[in-house]
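> Fold the following.
(chains A and B)
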Amino acid sequence: RKEVEQDPGPFNVPEGATVAFNCTYSNSASQSFFWYRQDCRKEPKLLMSVYSSGNEDGRFTAQLNRASQYISLLIRDSKLSDSATYLCVGNTGFQKLVFGTGTRLLVSP
Amino acid sequence: DAGITQSPRHKVTETGTPVTLRCHQTENHRYMYWYRQDPGHGLRLIHYSYGVKDTDKGEVSDGYSVSRSKTEDFLLTLESATSSQTSVYFCAISDQQGSRGYEQYFGPGTRLTVT
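This is a model prediction of the structure:
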């Protein structure tokens, strides 16, 4: 079993829709989680950090459920520019991260 | 954006040749990392550094070596490139800043093709 697992998608949604991604992790000792956004042929960029139960930044909300070992990312009022791959990431030790393979989001007009 | 550059950005090389990729940062961050990204595998850690001349192996270190002689530079060397090392290589940096210590910031990547 992979340490971090994500549905690869793609998730196809219209502009303005709300979409949610889930990610499960196997290492119960993981303390910190992150969502990165990666555009095609570009580097991953940090979208949100989750150190406690959740975090909210504008249209984006991340929630952590330690009992069930999953993290979610909710995107409200989707924009065309939100089309990208979203990487779920957890830490496995001091300064070391493990990455999911990503969930692809396509937002259409 | 974090000040991280990688060179070269693209490289095509032949099997058996040595290859060195460079990562340069202007953020004075202590930690530096090399990852490779392949379809179906996500990002995998090759080596990382926790200070000048302090490095350690990651998940997929076989066939790779690293060096860090200055805070700002982290070099990744493929001693004898193989086709299985065709990949996109990303450098990342992080620093210990309280609860944000695990956040990593990535360079633009190097696309390496081994023929």
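
> What separation do you get for A:N55 and A:Q38?
Relative to A:Q38, A:N55 is positioned 19 Å away (CB to CB, to the nearest Å). (C-beta placed from N, C-alpha, C; glycine too.)

> again with B:R111
15 Å.

> What residues does chain A have near chain B?
Proximity of chain A to chain B, by CB under 8 Å from any CB of the partner chain, involves residues A:4, A:32, A:34, A:42-46, A:49, A:51, A:87, A:91, A:95-97, A:99-102.

> Out of those residues, name the ones that lie in strands.
In strands, defined here by DSSP state E, the members of the residues of chain A next to chain B are A:4, A:34, A:44-46, A:49, A:87, A:91, A:96-97, A:99.

> where's the dip in pLDDT among the residues you listed?
The lowest pLDDT within these belongs to A:K96, which sits at 82.

> That one is in contact with B:H47, isn't it?
No. The pair A:K96 and B:H47 does not pass the contact test of CB atoms under 8 Å, sitting 11.4 Å apart.

> Please enumerate the shared neighbours of those two.
Residues touching both A:K96 and B:H47 by CB atoms under 8 Å, 6 or more residues apart in numbering or on different chains: B:G58.

> what bits of chain A have low per-residue confidence?
Scanning chain A for pLDDT under 70 picks out the ranges A:1, A:94.

> residues making contact with stretch A:25-36?
With CB under 8 Å, 6+ apart as the test, stretch A:25-36 has contacts from A:1-5, A:44-51, A:60, A:62, A:64, A:66, A:69-71, A:73, A:86-92, A:97-99, B:99, B:102-103.

> Could I have the CA atoms of that stretch written out in PDB?
Extracted in PDB, the C-alpha atoms of stretch A:25-36 (Å, rounded to 0.1, in the frame of the first residue of the first chain):
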ATOM      1  CA  TYR A  25      -2.400   8.200   4.300                       C
ATOM      2  CA  SER A  26      -1.000   5.100   6.100                       C
ATOM      3  CA  ASN A  27       1.600   6.500   8.400                       C
ATOM      4  CA  SER A  28      -0.200   7.400  11.600                       C
ATOM      5  CA  ALA A  29       2.900   9.200  12.900                       C
ATOM      6  CA  SER A  30       2.600  11.900  10.100                       C
ATOM      7  CA  GLN A  31       2.200  15.300  11.700                       C
ATOM      8  CA  SER A  32       2.000  17.700   8.800                       C
ATOM      9  CA  PHE A  33       0.200  17.600   5.500                       C
ATOM     10  CA  PHE A  34       0.200  19.700   2.400                       C
ATOM     11  CA  TRP A  35      -1.600  20.300  -0.800                       C
ATOM     12  CA  TYR A  36       0.500  21.200  -3.800                       C
END
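
> where along chain B do the strands fall?
Counting by DSSP E, the strands of chain B are B:4-7, B:10-13, B:19-25, B:31-38, B:42-51, B:54-57, B:64-70, B:73-78, B:87-94, B:105-106, B:110-114.

> Kindly reformat those strands as JSON lines containing distance to chain A, mean neighbour count and mean pLDDT.
Listed next are those as JSON lines, based on distance: least, CB to the nearest CB, whole Å; neighbours: other CB atoms under 10 Å in any protein chain shown; pLDDT from 0 to 100:
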{"stretch": "strand B:4-7", "distance to chain A": "9", "mean neighbour count": "18", "mean pLDDT": "97"}
{"stretch": "strand B:10-13", "distance to chain A": "11", "mean neighbour count": "13", "mean pLDDT": "97"}
{"stretch": "strand B:19-25", "distance to chain A": "12", "mean neighbour count": "19", "mean pLDDT": "98"}
{"stretch": "strand B:31-38", "distance to chain A": "5", "mean neighbour count": "24", "mean pLDDT": "96"}
{"stretch": "strand B:42-51", "distance to chain A": "4", "mean neighbour count": "21", "mean pLDDT": "93"}
{"stretch": "strand B:54-57", "distance to chain A": "9", "mean neighbour count": "14", "mean pLDDT": "94"}
{"stretch": "strand B:64-70", "distance to chain A": "14", "mean neighbour count": "16", "mean pLDDT": "97"}
{"stretch": "strand B:73-78", "distance to chain A": "14", "mean neighbour count": "20", "mean pLDDT": "98"}
{"stretch": "strand B:87-94", "distance to chain A": "6", "mean neighbour count": "23", "mean pLDDT": "96"}
{"stretch": "strand B:105-106", "distance to chain A": "4", "mean neighbour count": "22", "mean pLDDT": "95"}
{"stretch": "strand B:110-114", "distance to chain A": "8", "mean neighbour count": "18", "mean pLDDT": "97"}
